[in-house]
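Visitor: 3D model of this:
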Amino acid sequence: MNCVDYEIRELPDRGQIAVLYLNNPDTKNSMTLEMGMQFNRALSDLASHDPQIRALVITGKNGVFSSGGDFGLLSSFAGKDPEENNSFMESFYRLFLEVRNMPFPVIAAVNGHAIGASLALALACDLRYFTIDAKYAFNFVRIGIHPGMGSSFLVKEVAGLHHAQELLLTGRYIDGAEAQARGLCHAALPGDQVLQQALETASEIAGAAPQAVRMLKHGLYANRTMEQAIVYEAASQAQNYTTRDFRAALAAIQKKESPVFEDC
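Guide: Down below sits the predicted model:
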């Protein structure tokens with residue numbers, strides 16, 4: 001059964017963007033091994049697409065983003081030894097967290113509830129739009145386990161240690177409005193507007209210089225000090241200056257027009 005599918009959309013003068021859907025209505029898009037493998041294969045396909053995708057939107061079908069870890073999968077761990085579970089969990093996380101390694105920006109259009117591992121997946125994306133009245137929680141401690149899917153790192157990275165302490169230690173449920181107030185998402189919107197906002201942002205990103213955007217995505221996560229940042233920025237700009245896209249931008253500025261970037 002296909003529980004992940006995607007489509008590629010052509011934008012006039014802006015190349016292509018993609019939309020990837022979580023689609024397992026029987027389990028409210030819970031995160032199974034099968035879904036993880038399909039998700040990872042889809043990411044690999046999109047990363048190698050020619051011409052290069054300029055942005056990816058991830059969302060859910062069936063009026064929900066994802067209910068998080070699959071109950072059947074979670075139940076199976078109780079009868080296995082720690083070494084086997086440890087090996088499985090590391091591999092399982094990486095199937096979904098490959099979003100961080102995509103060469104283009106990834107936008108989470110969280111069009112409904114997102115609990116546990118699925119909320120961590122959203123935080124691993126570069127941009128996030130939540131549903132204002134949906135429920136969000138890192139509920140791991142409430143079901144007797146340490147937070148997973150990178151959440152103990154991602155919440156600190158996105159919202160700061162003080163929010164990570166409260167949300168992870170309590171497993172508290174919050175709505176989209178509170179998630180925005182805590183810095184977990186860029187906007188909280190009515191459910192029927194979330195995907196459209198993500199698509200508009202993807203289109204905006206697609207209108208920028210693709211090489212510069214790809215380099216920026218890498219640098220945002222790789223550079224942890226000011227010194228690392230300035231070294232990386234200088235090297236990246238040095239390459240950008242040699243592109244036709246940069247020359248096209250200079251010409252467009254002189255003509256007071258918007259540049260059209262061809263990724264070359």
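Visitor: surely residue 201 meets residue 125?
Guide: No: counting by CB atoms under 8 Å, residue 201 does not reach residue 125; the two are 11.4 Å apart. Using the backbone N, CA and C atoms, a C-beta is placed for each residue, glycine as well.
Visitor: overlap of the contact sets of these two?
Guide: Counting by CB atoms under 8 Å, 6 or more residues apart in numbering, the contacts common to residue 201 and residue 125 are residue 107.
Visitor: where do the strands of the protein begin and end?
Guide: Applying DSSP state E to the chain gives strands spanning 4-11, 15-22, 55-60, 106-110, 114-115, 127-131, 135-137, 173-175, 187-189.
Visitor: most tightly surrounded among those?
Guide: strand 106-110 (a mean of 29; mean count of other CB atoms under 10 Å).
Visitor: show the contacting residues for the closest residue to residue 199 other than its chain neighbours.
Guide: Among residues not flanking residue 199 along the chain, residue 57 sits closest, at 6.1 Å (CB to CB, 6 or more residues apart in numbering). With contact set as CB under 8 Å, 6+ apart, residue 57 has these partners: 17, 18, 19, 20, 106, 107, 108, 109, 195, 198, 199, 202.
Visitor: go through the residues you listed and name the one nearest residue 219.
Guide: When those are ranked by distance to residue 219 (CB to CB), residue 106 comes first, at 15.7 Å.
Visitor: the closest one against residue 128, yeah?
Guide: No: applying CB under 8 Å, one finds residue 106 not in contact with residue 128, separated by 9.8 Å.
Visitor: so what's residue 47 up against?
Guide: 53, 102, 103.
Visitor: could you rerun that using 6 Å?
Guide: The contact partners of residue 47, by CB atoms under 6 Å, 6 or more residues apart in numbering, come to residue 102.
Visitor: follow-up on the earlier one: from the contacts of residue 57, pick the one nearest residue 145.
Guide: residue 108 (23.2 Å).
Visitor: so the closest one bridges to which residues?
Guide: On the basis of DSSP bridges, residue 108 is bridged to residue 58, residue 128.
Visitor: that one and residue 66, how far apart?
Guide: Residue 108 sits at a distance of 10 Å from residue 66 (criterion: CB to CB, to the nearest Å).
Visitor: give me the common contacts of the two.
Guide: By CB under 6 Å, 6+ apart, no residue touches both residue 108 and residue 66.
Visitor: number of residues surrounding residue 93?
Guide: 19 (other CB atoms under 10 Å).
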